[in-house]
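> Pasting a predicted model and its sequence here:
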Amino acid sequence: MTATDGVSRMSEVTRHRSRRADDSELRRFVLAAAGFAVLFLVIGLRFGEDVAGQLQKTPTTALGWRLVGWLVAGPPALFALVSWHDRRRLRTEQRARRVLLMAAWLGLNMFILPARLTSVDKEFGTGALVGDPLSAGWTWGALAALVGMAFSAVVLVVLHRTVDEPTPDQRDLTVRFLERAWLVLLVVSLRFALY
């Protein structure tokens, strides 16, 4: 066994461990997001009117609630993408906290989604003064997130069809390009949400 064989075997073992750790981290993220989604769905369906009633007591305008709705739906998918790509730069405990934060933020969408599927009055009742602009802003943010995901899928398919195995530099460049494209989408959707 030569030294180069030993080095290549060690790098293969390291890649295998890294892949297993990534799979485990992704599994935790998906489970946490699903758990938060169920939690916020139950809170929205059961206590939506009470929560909206409390929110009505805050000195926030309809435009402010549109912004809040947009913040719930628009940015979290982009932040999840960026966090996943940059996860190696963080310590393990930082990654774990970020996974929970992203999962909760994504799960929060389920608090507002039923109002878009049924009616604002059904979910928020007398708190519809808050629920209506909140769900309108959420719609624009969700639309930007869906368009961003579709665009990202197309870009990744093109990347993997043009090269056999993308290099780390190609992956990094692709993610940075997607970040900027999503930011443009988010700014455009925020403009529509607020005006």
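Happy to help now that I have it.
> and stretch 25-44, how far from the chain's centre?
12 Å (CA atoms, centre = their mean, to the nearest Å).
> Low-confidence ranges, this protein, go.
By pLDDT under 70, the weakly predicted segments of the chain are 1-18.
> Kindly list the longest helix within it.
Criterion DSSP state H: the longest helix present in the chain is helix 3-56.
> Now residue 91. Its backbone dihedrals?
phi -70, psi 160 (degrees, to the nearest 10).
> Which helix or strand contains the residue sitting nearest the centre point of the chain?
Taking CA atoms, centre = their mean, the centroid of the chain lies closest to residue 77, which sits 2.4 Å from it. Assigned by DSSP states H and E, residue 77 belongs to helix 75-85.
> buried sites along that helix?
For helix 75-85, a neighbour-count test (16 or more other CB atoms under 10 Å) marks 75, 76, 77, 78, 79, 80, 81, 82, 83, 84, 85 as buried. Quick note: C-beta positions are derived from backbone N, CA and C, even for glycine.
> got it, and stretch 55-64?
Residues 55, 56, 64 are the ones in stretch 55-64 that count as buried (16+ other CB under 10 Å).
> and residue 167, what does it touch?
Applying CB atoms under 8 Å, 6 or more residues apart in numbering to residue 167 gives no contacts.
> Compute the distance between it and residue 153, please.
According to CB to CB, to the nearest Å, residue 167 and residue 153 sit 21 Å apart.
> Same question for residue 94.
Distance of residue 94 to residue 153, given as CB to CB: 28 Å.
> residues in contact with the residue nearest to residue 71 when sequence neighbours are not counted?
Distances taken as CB to CB, 6 or more residues apart in numbering put residue 141 closest to residue 71, at 7.0 Å, once the chain neighbours are dropped. Residue 141 is in contact with 69, 70, 71, 72, 73, 74, 75, 186, 189, 190, 193, counting by CB under 8 Å, 6+ apart.
> Show me which of the residues you listed is closest to residue 173.
residue 186 (20.4 Å; CB to CB).
> I'd assumed residue 78 was in contact with that closest one.
Yes: with contact defined as CB atoms under 8 Å, residue 186 reaches residue 78; the gap is 6.8 Å.
> Residue 81 versus the nearest residue to residue 80 once chain neighbours are set aside, what's the distance?
Spatially, and ignoring its direct neighbours in sequence, residue 80 is nearest to residue 102 (4.8 Å; CB to CB, 6+ apart). Distance, residue 102 to residue 81, using CB to CB: 10 Å.
> Check residue 52 too.
31 Å.
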